[in-house]
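A.B. asks: Have a look at this prediction, sequence included:
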Amino acid sequence: MPSLIDIRRRVRSVRNTQQITKAMKMISAAKLRRAQDRALASRPYAKMLDQILANVAEAAALNAEGEQHPLLAVREEKRILVVVVTADKGLAGGFNSNLIKMAQRFLDEHRAKELSLEIVGRKARDYFRRRTFKIHGEHLDLFRVVRYEDAEMLADRVIESFSKAEVDSVYLFVNEFKSVMAPNPTFSRLLPIEVPKSASPADYIYEQKPEEMLGALLPRYVKMRMYRALLESAAAELAARMTAMDAATSNASDMIDKLTLYMNRVRQASITREIIEIVSGAAALE
(Lines give C-alpha, C1' and ligand atoms only; values in the text may rest on other atoms or scores of the structure.)
Protein backbone atom coordinates (compact mmCIF):
# COMPACT_ATOMS: atom_id res chain seq x y z
CA MET A 1 0.00 0.00 0.00
CA PRO A 2 1.45 3.41 -0.93
CA SER A 3 2.23 5.85 1.84
CA LEU A 4 0.27 9.03 2.47
CA ILE A 5 3.22 11.10 1.23
CA ASP A 6 3.22 9.27 -2.12
CA ILE A 7 -0.52 9.79 -2.56
CA ARG A 8 -0.26 13.49 -1.66
CA ARG A 9 2.53 13.90 -4.20
CA ARG A 10 0.40 12.26 -6.86
CA VAL A 11 -2.59 14.49 -6.05
CA ARG A 12 -0.34 17.54 -6.26
CA SER A 13 1.05 16.36 -9.60
CA VAL A 14 -2.43 15.80 -11.06
CA ARG A 15 -3.58 19.20 -9.79
CA ASN A 16 -0.60 20.89 -11.48
CA THR A 17 -1.40 19.08 -14.72
CA GLN A 18 -5.01 20.18 -14.40
CA GLN A 19 -3.93 23.82 -14.16
CA ILE A 20 -1.92 23.42 -17.38
CA THR A 21 -4.78 21.78 -19.30
CA LYS A 22 -7.22 24.42 -18.05
CA ALA A 23 -4.90 27.20 -19.20
CA MET A 24 -4.46 25.55 -22.61
CA LYS A 25 -8.23 25.26 -22.96
CA MET A 26 -8.67 28.96 -22.21
CA ILE A 27 -5.94 29.97 -24.66
CA SER A 28 -7.44 27.82 -27.43
CA ALA A 29 -10.91 29.22 -26.73
CA ALA A 30 -9.59 32.78 -26.94
CA LYS A 31 -7.88 32.13 -30.28
CA LEU A 32 -10.69 30.02 -31.74
CA ARG A 33 -13.16 32.84 -32.27
CA ARG A 34 -10.92 34.77 -34.65
CA ALA A 35 -9.74 31.64 -36.48
CA GLN A 36 -13.34 30.43 -36.85
CA ASP A 37 -14.44 33.81 -38.24
CA ARG A 38 -11.63 33.78 -40.80
CA ALA A 39 -12.43 30.23 -41.91
CA LEU A 40 -16.15 30.89 -42.25
CA ALA A 41 -15.55 34.21 -44.02
CA SER A 42 -13.49 32.47 -46.70
CA ARG A 43 -16.31 30.10 -47.67
CA PRO A 44 -18.61 32.62 -49.47
CA TYR A 45 -15.62 33.95 -51.44
CA ALA A 46 -14.62 30.43 -52.45
CA LYS A 47 -18.21 29.63 -53.44
CA MET A 48 -18.43 32.76 -55.59
CA LEU A 49 -15.07 31.94 -57.18
CA ASP A 50 -16.41 28.49 -58.08
CA GLN A 51 -19.40 30.09 -59.76
CA ILE A 52 -17.30 32.59 -61.72
CA LEU A 53 -14.85 29.87 -62.76
CA ALA A 54 -17.69 27.65 -63.98
CA ASN A 55 -19.19 30.46 -66.08
CA VAL A 56 -15.87 31.55 -67.56
CA ALA A 57 -14.89 27.93 -68.34
CA GLU A 58 -18.22 27.42 -70.08
CA ALA A 59 -17.64 30.51 -72.23
CA ALA A 60 -14.05 29.47 -72.98
CA ALA A 61 -15.22 26.00 -74.05
CA LEU A 62 -17.28 27.58 -76.84
CA ASN A 63 -14.07 28.77 -78.48
CA ALA A 64 -12.81 25.71 -80.35
CA GLU A 65 -9.54 27.44 -81.21
CA GLY A 66 -8.49 27.86 -77.60
CA GLU A 67 -5.90 25.46 -76.21
CA GLN A 68 -6.54 23.60 -72.98
CA HIS A 69 -4.92 25.19 -69.95
CA PRO A 70 -2.09 23.10 -68.36
CA LEU A 71 -3.91 22.98 -65.01
CA LEU A 72 -6.86 21.24 -66.67
CA ALA A 73 -4.77 18.55 -68.34
CA VAL A 74 -5.94 15.08 -67.30
CA ARG A 75 -3.16 12.49 -67.52
CA GLU A 76 -2.82 8.89 -66.42
CA GLU A 77 -1.97 8.89 -62.73
CA LYS A 78 1.53 7.47 -62.64
CA ARG A 79 3.05 10.09 -60.34
CA ILE A 80 0.96 11.44 -57.46
CA LEU A 81 1.78 14.33 -55.15
CA VAL A 82 -0.02 14.26 -51.79
CA VAL A 83 -0.33 17.46 -49.74
CA VAL A 84 -0.93 16.67 -46.04
CA VAL A 85 -1.87 19.58 -43.75
CA THR A 86 -1.49 18.84 -40.02
CA ALA A 87 -0.62 20.89 -36.93
CA ASP A 88 2.78 21.72 -35.51
CA LYS A 89 1.68 20.74 -32.00
CA GLY A 90 -0.13 17.86 -30.38
CA LEU A 91 -2.52 17.66 -27.40
CA ALA A 92 -5.48 18.01 -29.75
CA GLY A 93 -7.13 14.61 -29.46
CA GLY A 94 -7.29 12.72 -32.75
CA PHE A 95 -6.86 15.86 -34.88
CA ASN A 96 -3.50 14.85 -36.34
CA SER A 97 -3.66 11.07 -36.05
CA ASN A 98 -7.00 10.69 -37.85
CA LEU A 99 -5.85 12.72 -40.84
CA ILE A 100 -2.48 10.95 -41.00
CA LYS A 101 -4.26 7.57 -40.93
CA MET A 102 -6.48 8.68 -43.82
CA ALA A 103 -3.43 9.80 -45.81
CA GLN A 104 -1.62 6.56 -44.98
CA ARG A 105 -4.54 4.49 -46.28
CA PHE A 106 -4.56 6.49 -49.50
CA LEU A 107 -0.82 5.98 -49.94
CA ASP A 108 -1.13 2.24 -49.27
CA GLU A 109 -3.88 1.95 -51.87
CA HIS A 110 -1.69 3.70 -54.46
CA ARG A 111 1.56 2.01 -53.50
CA ALA A 112 2.10 0.92 -57.12
CA LYS A 113 2.31 4.58 -58.20
CA GLU A 114 5.24 6.94 -57.81
CA LEU A 115 4.32 8.87 -54.67
CA SER A 116 5.69 12.07 -53.18
CA LEU A 117 4.59 14.22 -50.26
CA GLU A 118 4.25 17.94 -49.66
CA ILE A 119 3.98 18.22 -45.89
CA VAL A 120 2.58 21.05 -43.79
CA GLY A 121 3.04 20.75 -40.01
CA ARG A 122 5.50 19.02 -37.70
CA LYS A 123 3.22 16.10 -36.87
CA ALA A 124 2.97 14.90 -40.47
CA ARG A 125 6.68 15.64 -40.97
CA ASP A 126 7.68 13.52 -37.96
CA TYR A 127 5.41 10.67 -39.03
CA PHE A 128 6.37 10.42 -42.70
CA ARG A 129 10.08 10.98 -42.08
CA ARG A 130 10.12 7.56 -40.43
CA ARG A 131 8.56 5.99 -43.52
CA THR A 132 9.99 5.35 -46.96
CA PHE A 133 7.95 7.93 -48.85
CA LYS A 134 9.61 10.64 -50.90
CA ILE A 135 9.15 14.05 -49.28
CA HIS A 136 8.86 16.77 -51.90
CA GLY A 137 8.80 19.62 -49.36
CA GLU A 138 8.33 20.45 -45.67
CA HIS A 139 6.61 23.57 -44.34
CA LEU A 140 6.58 24.29 -40.61
CA ASP A 141 5.32 27.09 -38.35
CA LEU A 142 2.68 28.29 -40.81
CA PHE A 143 -0.10 28.39 -38.21
CA ARG A 144 1.26 31.03 -35.88
CA VAL A 145 -0.31 33.50 -38.27
CA VAL A 146 -2.07 32.07 -41.33
CA ARG A 147 -1.04 34.25 -44.26
CA TYR A 148 -2.13 34.21 -47.87
CA GLU A 149 1.52 34.52 -48.92
CA ASP A 150 2.30 31.09 -47.41
CA ALA A 151 -0.67 29.51 -49.19
CA GLU A 152 0.43 31.18 -52.42
CA MET A 153 3.94 29.77 -52.03
CA LEU A 154 2.55 26.27 -51.47
CA ALA A 155 0.20 26.56 -54.42
CA ASP A 156 2.99 27.82 -56.69
CA ARG A 157 5.08 24.77 -55.81
CA VAL A 158 2.37 22.25 -56.69
CA ILE A 159 1.33 24.23 -59.79
CA GLU A 160 4.91 24.23 -61.03
CA SER A 161 5.32 20.49 -60.46
CA PHE A 162 2.04 19.73 -62.25
CA SER A 163 2.64 22.14 -65.14
CA LYS A 164 6.06 20.63 -65.80
CA ALA A 165 4.48 17.15 -65.79
CA GLU A 166 6.64 16.11 -62.83
CA VAL A 167 3.42 14.80 -61.26
CA ASP A 168 0.17 13.72 -62.88
CA SER A 169 -2.19 14.63 -60.03
CA VAL A 170 -2.19 16.41 -56.68
CA TYR A 171 -4.38 15.44 -53.72
CA LEU A 172 -5.00 17.61 -50.66
CA PHE A 173 -5.59 16.14 -47.17
CA VAL A 174 -6.85 18.57 -44.54
CA ASN A 175 -9.05 18.83 -41.45
CA GLU A 176 -12.00 21.07 -42.23
CA PHE A 177 -13.65 23.03 -39.46
CA LYS A 178 -16.99 21.31 -38.96
CA SER A 179 -17.87 22.15 -35.37
CA VAL A 180 -16.21 22.84 -32.05
CA MET A 181 -16.76 19.23 -31.01
CA ALA A 182 -15.11 17.43 -33.94
CA PRO A 183 -12.99 18.27 -37.02
CA ASN A 184 -13.75 16.74 -40.39
CA PRO A 185 -10.77 14.98 -42.04
CA THR A 186 -11.20 15.19 -45.81
CA PHE A 187 -9.23 14.76 -49.00
CA SER A 188 -9.87 15.99 -52.51
CA ARG A 189 -8.08 16.26 -55.83
CA LEU A 190 -6.43 19.63 -56.18
CA LEU A 191 -4.91 19.15 -59.64
CA PRO A 192 -5.89 18.71 -62.39
CA ILE A 193 -8.67 21.15 -61.66
CA GLU A 194 -12.16 19.78 -62.03
CA VAL A 195 -14.15 22.80 -63.17
CA PRO A 196 -17.35 23.03 -61.11
CA LYS A 197 -20.67 22.96 -62.87
CA SER A 198 -22.54 26.25 -63.03
CA ALA A 199 -25.75 26.23 -61.00
CA SER A 200 -26.93 29.55 -62.44
CA PRO A 201 -25.10 30.40 -65.69
CA ALA A 202 -24.37 34.11 -66.19
CA ASP A 203 -23.95 35.83 -69.54
CA TYR A 204 -20.85 37.93 -68.92
CA ILE A 205 -19.62 40.67 -71.22
CA TYR A 206 -15.90 39.98 -71.65
CA GLU A 207 -13.37 42.72 -72.31
CA GLN A 208 -10.76 40.04 -72.99
CA LYS A 209 -11.06 36.56 -74.41
CA PRO A 210 -12.72 34.08 -72.00
CA GLU A 211 -9.81 31.65 -72.37
CA GLU A 212 -7.37 34.37 -71.27
CA MET A 213 -9.51 35.13 -68.24
CA LEU A 214 -9.74 31.41 -67.49
CA GLY A 215 -5.95 31.18 -67.61
CA ALA A 216 -5.75 33.91 -64.97
CA LEU A 217 -8.50 32.41 -62.80
CA LEU A 218 -7.21 28.84 -62.58
CA PRO A 219 -3.98 29.56 -60.61
CA ARG A 220 -5.96 31.91 -58.34
CA TYR A 221 -8.48 29.10 -57.77
CA VAL A 222 -5.71 26.73 -56.64
CA LYS A 223 -4.22 29.37 -54.35
CA MET A 224 -7.59 30.08 -52.80
CA ARG A 225 -8.20 26.40 -52.13
CA MET A 226 -4.80 26.14 -50.45
CA TYR A 227 -5.46 29.26 -48.38
CA ARG A 228 -8.85 27.89 -47.32
CA ALA A 229 -7.16 24.62 -46.32
CA LEU A 230 -4.80 26.48 -43.99
CA LEU A 231 -7.61 28.55 -42.48
CA GLU A 232 -9.86 25.52 -41.98
CA SER A 233 -7.03 23.50 -40.44
CA ALA A 234 -6.09 26.32 -38.04
CA ALA A 235 -9.66 26.69 -36.79
CA ALA A 236 -10.21 22.93 -36.54
CA GLU A 237 -6.96 22.50 -34.59
CA LEU A 238 -7.91 25.10 -31.98
CA ALA A 239 -11.38 23.60 -31.62
CA ALA A 240 -9.96 20.10 -31.23
CA ARG A 241 -7.40 21.27 -28.66
CA MET A 242 -10.03 23.15 -26.67
CA THR A 243 -12.24 20.06 -26.58
CA ALA A 244 -9.34 17.76 -25.69
CA MET A 245 -8.11 20.04 -22.90
CA ASP A 246 -11.64 20.38 -21.51
CA ALA A 247 -11.90 16.59 -21.35
CA ALA A 248 -8.44 16.36 -19.77
CA THR A 249 -9.38 18.94 -17.13
CA SER A 250 -12.54 17.01 -16.26
CA ASN A 251 -10.61 13.74 -16.08
CA ALA A 252 -8.06 15.37 -13.79
CA SER A 253 -10.87 16.47 -11.46
CA ASP A 254 -12.22 12.91 -11.35
CA MET A 255 -8.75 11.53 -10.65
CA ILE A 256 -8.17 14.05 -7.85
CA ASP A 257 -11.48 13.04 -6.24
CA LYS A 258 -10.60 9.34 -6.45
CA LEU A 259 -7.09 9.88 -5.10
CA THR A 260 -8.42 12.05 -2.26
CA LEU A 261 -10.93 9.35 -1.31
CA TYR A 262 -8.21 6.70 -1.45
CA MET A 263 -5.90 8.90 0.63
CA ASN A 264 -8.59 9.30 3.30
CA ARG A 265 -9.10 5.53 3.40
CA VAL A 266 -5.37 4.93 3.78
CA ARG A 267 -5.16 7.55 6.54
CA GLN A 268 -8.18 6.05 8.30
CA ALA A 269 -6.63 2.59 8.06
CA SER A 270 -3.39 3.94 9.49
CA ILE A 271 -5.20 5.60 12.40
CA THR A 272 -7.20 2.45 13.09
CA ARG A 273 -4.02 0.35 13.06
CA GLU A 274 -2.32 2.70 15.52
CA ILE A 275 -5.34 2.59 17.85
CA ILE A 276 -5.35 -1.21 17.73
CA GLU A 277 -1.64 -1.27 18.54
CA ILE A 278 -2.14 1.09 21.49
CA VAL A 279 -5.09 -0.90 22.85
CA SER A 280 -3.21 -4.19 22.38
CA GLY A 281 -0.17 -2.81 24.18
CA ALA A 282 -2.27 -1.53 27.09
CA ALA A 283 -4.03 -4.90 27.36
CA ALA A 284 -0.69 -6.71 27.42
CA LEU A 285 0.46 -4.62 30.42
CA GLU A 286 -2.57 -5.55 32.54
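C.D. replies: Arrived safely, thanks for sending.

A.B. asks: just for the stretch 51-200 of the chain, where's the confidence low?
C.D. replies: For the stretch 51-200 of the chain, the stretches with pLDDT under 70 are 62-67, 198-200.

A.B. asks: So which residues of it form helices?
C.D. replies: Taking DSSP state H, counting those that start in this stretch as the test, the helices found in the stretch 51-200 of the chain are 95-109, 122-129, 148-163.

A.B. asks: Indicate which one of these is closest to residue 222.
C.D. replies: helix 148-163 (4.8 Å; CB to CB). For every residue, glycine as well, the C-beta is placed using N, CA and C.

A.B. asks: can I get the helices of the stretch 51-200 of the chain in JSON lines with mean neighbour count?
C.D. replies: Output for the helices of the stretch 51-200 of the chain, formatted as JSON lines (neighbours: other CB atoms under 10 Å):
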{"stretch": "helix 95-109", "mean neighbour count": "18"}
{"stretch": "helix 122-129", "mean neighbour count": "19"}
{"stretch": "helix 148-163", "mean neighbour count": "18"}
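
A.B. asks: Go through these and name the closest to residue 178.
C.D. replies: Counting by CB to CB, residue 178 lies closest to helix 95-109 out of those; the figure is 11.8 Å.

A.B. asks: Point out the other elements, helices or strands, that the closest one touches.
C.D. replies: strand 79-85, helix 122-129, strand 169-176, strand 184-191, helix 210-285 (3 or more CB pairs under 8 Å, 6 or more residues apart in numbering; DSSP states H and E).

A.B. asks: tilt between it and strand 184-191?
C.D. replies: Calculated by axes from the mean of the first three to the mean of the last three CA atoms, to 10 degrees, helix 95-109 forms an angle of 50 degrees with strand 184-191.

A.B. asks: Could you tell me how far helix 95-109 lies from the centre of the chain?
C.D. replies: 12 Å (CA atoms, centre = their mean, to the nearest Å).

A.B. asks: thinking again about what came up before, of the helices of the stretch 51-200 of the chain, which is nearest residue 278?
C.D. replies: helix 95-109 (56.7 Å).

A.B. asks: My read is that residue 82 contacts residue 102, right?
C.D. replies: No: applying CB atoms under 8 Å as the test, residue 82 and residue 102 come out as separate, 10.7 Å apart.

A.B. asks: which residues are common contacts for those two?
C.D. replies: residue 173 (CB atoms under 8 Å, 6 or more residues apart in numbering).

A.B. asks: residues contacting residue 227?
C.D. replies: Residue 227 makes contact with 42, 146, 148, 151, 152 under the criterion CB under 8 Å, 6+ apart.

A.B. asks: For the second one, give me the backbone phi and psi.
C.D. replies: Right, residue 146. Torsion angles at residue 146 (phi, psi; degrees, to the nearest 10) stand at phi -80, psi 120.

A.B. asks: buried stuff in stretch 254-263?
C.D. replies: 255, 256, 259, 263 (16 or more other CB atoms under 10 Å).

A.B. asks: which one among the residues you listed gets closest to residue 112?
C.D. replies: Among the buried residues of stretch 254-263, and counting by CB to CB, the member closest to residue 112 is residue 255, at 48.5 Å.

A.B. asks: Spell out which helix or strand contains the closest residue to that closest one other than its chain neighbours, please.
C.D. replies: Among residues not flanking residue 255 along the chain, residue 14 sits closest, at 5.3 Å (CB to CB, 6 or more residues apart in numbering). Element membership for residue 14 (DSSP states H and E) is helix 4-61.

A.B. asks: Tell me how many other residues crowd the closest residue to residue 270 other than its chain neighbours.
C.D. replies: Computed as CB to CB, 6+ apart, the closest residue to residue 270 that is not its neighbour in sequence is residue 4, at 7.2 Å. For residue 4, the neighbour count with other CB atoms under 10 Å is 13.

A.B. asks: For residue 4, list the residues it contacts.
C.D. replies: Residues in contact with residue 4, defined by CB under 8 Å, 6+ apart, are 263, 266, 267, 270.
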